[in-house]
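Asker: sequence isn't available, so here's the structure alone:
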């Protein structure tokens, strides 16, 4: 058995030295081999939802139904999420504020009113009762004792008269003074303490209850409303739209196709300021709205106008020109829109795609340093970095116009992500063109 294995190894080294070396070499050899055959894009999000949208009649691929479904789904999802978040936040804030304000106001008012009323009532009642009883008892006891000591004549008359007069006068005066003072002091103290405690308790409970109920109610209603409107308008600001110059559509028809050179699902890049490539089937004399939306952010990450190209072709948008950088592990959606009617945004001629900045590993850079610059796009595609692969390959096409292999490889890459119209343009203008 060992002799058979040894004989097989000798045969491989003798007659197939290249294949044997490639099998023992690192990933660099496989990339070089793939370059000769063409790049193969390995999608890191193969089982996720298709996110790319092409402008024009591409019914042979996906069609209008997919576009409407995406728009409504994204709009409803974002609208409901943002509406519920804002509704709950505002509801809880307003509920707590109003609850504490009303609780403290009512607590202090009721506390002071009840405190003063009860204090005065109890003070006067107790004062008069105690004053009369004490006055009579003391007056009678003192009157009798003094009357007996001072004399029967003075004792009875003065004792009775003074006891009654002093009892009544002192009982009334002390009852009124103590009732008012105690009523006011207790009313204020109890009013403040009860007002604060009830205000905080009711404010928090009502704030949470109303915040949750209003948040859910407003979130659902605003989510549906905003979802439908944003599904149509795509979130562009009115200021950008109003600055668009008018284009005579009778003399300048809308292009047949406009689409991003992007994969169908969210594409990866390791460049924080990538170059976005897009295709248009004919020139457009007006402006095109270019927008980038950041995931879970209400305001656009970037919104500007770019000049429409004069002829059919593939064009670049370099984010370095706008001084913005992507954040890692956040999904961004970028749009190109030809606005045909500013008052009816559902009729926009629209194309869009998604991208995400995903920092590569150290092994990735180690492999990268071992490769020739002409092989990098193959490795990028193999590792799932679509935006880097298509940009690097396009750079090689521009710098080596006589090397049709690069255009052939771009056509293969475009067909793998079902961009048939762009691939046909490359074949028509470069591959089938005589040297």
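Answerer: Structure's in. What do you need? Quick caveat: nothing in here was measured; it's all calculated off a predicted structure.
Asker: which residues touch residue 389?
Answerer: Neighbour list for residue 389: 39, 41, 377-378, 380-381, 413 [criterion: Cβ atoms under 8 Å, 6 or more residues apart in numbering]. For every residue, glycine as well, the C-beta is placed using N, CA and C.
Asker: so it, which state does it fall into?
Answerer: Secondary structure for residue 389, judged by DSSP: H, G, I helix; E, B strand; the rest coil, is helix.
Asker: list the residues that contact residue 273.
Answerer: Going by Cβ under 8 Å, 6+ apart, residue 273 touches 318-320, 324-326.
Asker: okay, helices next: where are they in the protein?
Answerer: 2-15, 17-24, 27-37, 64-150, 152-233, 238-242, 362-369, 376-382, 386-399, 404-416, 420-426 (DSSP state H).
Asker: ok, of those, where does mean pLDDT dip lowest?
Answerer: Of all the helices of the chain, the minimum mean pLDDT falls on helix 17-24 (a mean of 35).
Asker: returning to that earlier point: relative to residue 400, which of the contacts of residue 273 is nearest.
Answerer: Among the contacts of residue 273, residue 318 lies closest to residue 400 (Cβ to Cβ), at 20.8 Å.
Asker: mind checking how far the closest one is from residue 312?
Answerer: Residue 318 sits 21 Å away from residue 312, going by Cβ to Cβ, to the nearest Å.
Asker: neighbour-wise, which of those two wins?
Answerer: Higher neighbour count among residue 318 and residue 312: residue 312, with 16 against 11, using other Cβ atoms under 10 Å.
Asker: give me phi/psi at the more buried one?
Answerer: When quoted as degrees, to the nearest 10, the phi and psi of residue 312 stand at phi -60, psi 150.
Asker: before we move on, back to that, most neighbours among the contacts of residue 273, please name it.
Answerer: For the contacts of residue 273, neighbours were counted using other Cβ under 10 Å, and residue 326 has the most, 20 neighbours in all.
Asker: what sits against the nearest residue to it once chain neighbours are set aside?
Answerer: In this structure, residue 326 finds its nearest non-sequential neighbour in residue 357, 4.2 Å apart by Cβ to Cβ, 6 or more residues apart in numbering. By Cβ under 8 Å, 6+ apart, residue 357 lies in contact with 268-272, 326-330.
Asker: right, and residue 348 touches residue 338 too?
Answerer: Yes: with contact defined as Cβ atoms under 8 Å, residue 348 counts as touching residue 338 (6.8 Å).
Asker: can you list which of the contacts of residue 273 are found in strands?
Answerer: Residues of these located in strands (DSSP state E): residue 318.
Asker: identify, from the contacts of residue 273, the entry nearest to residue 397.
Answerer: residue 318 (16.8 Å).
Asker: quick one: residues contacting the closest one.
Answerer: By Cβ under 8 Å, 6+ apart, the residues touching residue 318 are 273, 275-276.
Asker: any stretches of the stretch 201-350 of the chain with poor pLDDT?
Answerer: 201-239 (pLDDT under 70).
Asker: near the residue lying closest to residue 383 once chain neighbours are set aside, how many other residues are there?
Answerer: Counting by Cβ to Cβ, 6+ apart, residue 383 lies nearest to residue 364, which is 6.5 Å off, once chain neighbours are set aside. For residue 364, the neighbour count with other Cβ under 10 Å is 15.
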